[in-house]
Structure formats: C-alpha cells, structure tokens
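Enquirer: Below is the structure, and that's it, no one-letter string:
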C-alpha cells in the first residue's frame, strides 16, 4: 500500500499523506487567509478524513497557524502528530531570518508549546541551520529540550546530506524536510540517506508550489487522464510510490482541494506510468 503507516522515529505510526498549514495563513505565510472559522473547519476536516500528521511552523502567521491548530484540534487524538518548527524569525511576508542561538531556539520551542497547548511536541524541526551559530550548539539545544521532555522527536528542515550525517553523529533525527517533487529532485542524495537510516522525508512543495496541480508536464497530464485524476493527484501518488519514507504534507485553503489531495492515496500507478514519471527529473 502506498499510504501505509510510516513509523516516525520508530514509534509514531503516521499515515504518509499529511496536511501542511501554509494554506491556512495569508500570502507569504503572513497574517490570516479567510476567516478563522473557515481555517478551523478545514483543519478539523483534514483529521476527520484520516490525516494523522499536521505540519506547521511557529512563524506561519507568525504564530497564527499554531493557534488555529489548537483551536481546531485540541485536545489532540492519540494518533495525531503535530509537527512544528523553530529557528526562523519573520519581519514580513516571505521575509525569513535564521535565529539559531540556543536561547532563541528554547524561547521559540516554549512559545510553540504554549500556543499548541501541549507539554511535549511530537516532532520539532529546526527550520534552518543558522550559519552564524555552530551546528553543534543548535543541535545540542534541541537535544536538551528533548531530554527535558519538551520534544519527542527532532527533525531538520532544508539540509544537505553532509549536514544530516553530521547531525546524526550527535542526535537522533526522525525527519527531514527538503524540497522534492516530480520536477525537483535536487535532494535525491538526502532521500537516499533517509531511506538507509529509516528517517521520514517530508517533501515540501510536493506540488511544485501549485504548478503540478494546475497543469504539470504533458506526461503527468496523460497519466492523470488515464486514471480520471488531476495532475496534482498524480504528483502526490508518484511521491507515495517513489519511496516508502516520503511523507508529503500538501497544503491548501480549499476544502475541495483538501479532499482531492487526500484521495491521491488511493491512486495506483502502473510500472510503465512510474517509469514515464521517473524520467521527468531535471
């Protein structure tokens, strides 16, 4: 089964197709998008349709996405994992600044705990390594937060294979979040390492920032037509077929698109179709 549960960190079974919360906040991940009630209803609908992984970040809003998650879903079901991130501060739409000093990471993590209304975050991902702070100090603070019971599992966002290997020498890494989709496979080396180590790979921009969902390549459109599916569904199904560690979390603000995305888990691609799609890599 392409959507069989993945054991995050070896002990948290996740349905491999999750939900990302970039679509419940405004453009540039800044401010609200639509009404609060609409966002709450969308989050609840995702879980009602079987989603067990909600992917967010403290700076989506900023702070707003985490607040909406808590309003919609707290108290959380036993099977639901809320993954959030820290290590970046925002000054405006699409403005991102790394902030990886240990005291910054601790402050961000504790603020996320308050907004999410939990004592421990299931998956806490370092949003970016701060180049001005030694990697060991950033990882050390995450390890300390884990030791204190504030984090269950540690993840890394936007890392190279070399960075991941260095990190694994000092902390257990449960997930990686790098760009990866039908047309963007620059993180293939990282994916191979995740496969070898049993690390979840949460591909961001799984639909190519919407391009694959709107039109995609001719090959994607042909496969979609053969299945009576959309190009976006084919793109998501390809990820689920491509590697057992890939756990895409597509985001949307639309209930219809949410249902369409989740339906991709039931799409079965043939060997020749997979070969055709595999050949699309740049």
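Expert: Thanks, I have it. Since the structure is predicted, the reported quantities are computational estimates derived from the model, not experimental observations.
Enquirer: dump the residue contacts of the residue nearest to residue 202 when sequence neighbours are not counted.
Expert: In this structure, residue 202 finds its nearest non-sequential neighbour in residue 177, 4.3 Å apart by Cβ to Cβ, 6 or more residues apart in numbering. The way it works is simple: take the backbone N, C-alpha and C, and place the C-beta from them, glycine included. For residue 177, the contacting residues are 55, 85, 125, 155, 156, 157, 158, 201, 202, 203, 204, by Cβ atoms under 8 Å, 6 or more residues apart in numbering.
Enquirer: Turn these into TSV, columns for neighbour count.
Expert: Listed next are those as TSV, based on neighbours: other Cβ atoms under 10 Å:
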residue	neighbour count
55	29
85	25
125	28
155	26
156	28
157	20
158	17
201	24
202	28
203	25
204	20
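Enquirer: quick one: which of those residues sit in strands?
Expert: Those of those mapping onto strands are 55, 85, 125, 155, 156, 157, 201, per DSSP state E.
Enquirer: what's next to stretch 54-69, contact-wise?
Expert: 18-22, 24-25, 29-32, 36, 39-40, 43, 46-47, 73, 80-86, 88-90, 96, 108, 111-112, 115-116, 127, 177, 202, 249, 251.
Enquirer: I'd like to know which of those residues are buried.
Expert: Among these, those classed as buried by 16 or more other Cβ atoms under 10 Å are 18-22, 24-25, 29-30, 39-40, 43, 46-47, 73, 80-86, 88-90, 108, 112, 115-116, 127, 177, 202, 249, 251.
Enquirer: On the three-state scheme, residue 7 is what?
Expert: Following DSSP: H, G, I helix; E, B strand; the rest coil, residue 7 is assigned to strand.
Enquirer: which element is the closest residue to it other than its chain neighbours on?
Expert: Spatial nearest neighbour of residue 7, excluding adjacent residues (Cβ to Cβ, 6+ apart): residue 13 at 5.6 Å. Secondary structure from DSSP states H and E places residue 13 in strand 12-14.
Enquirer: Give the pairing partners of that strand; include direction for each.
Expert: strand 6-8 (antiparallel) (DSSP bridges).
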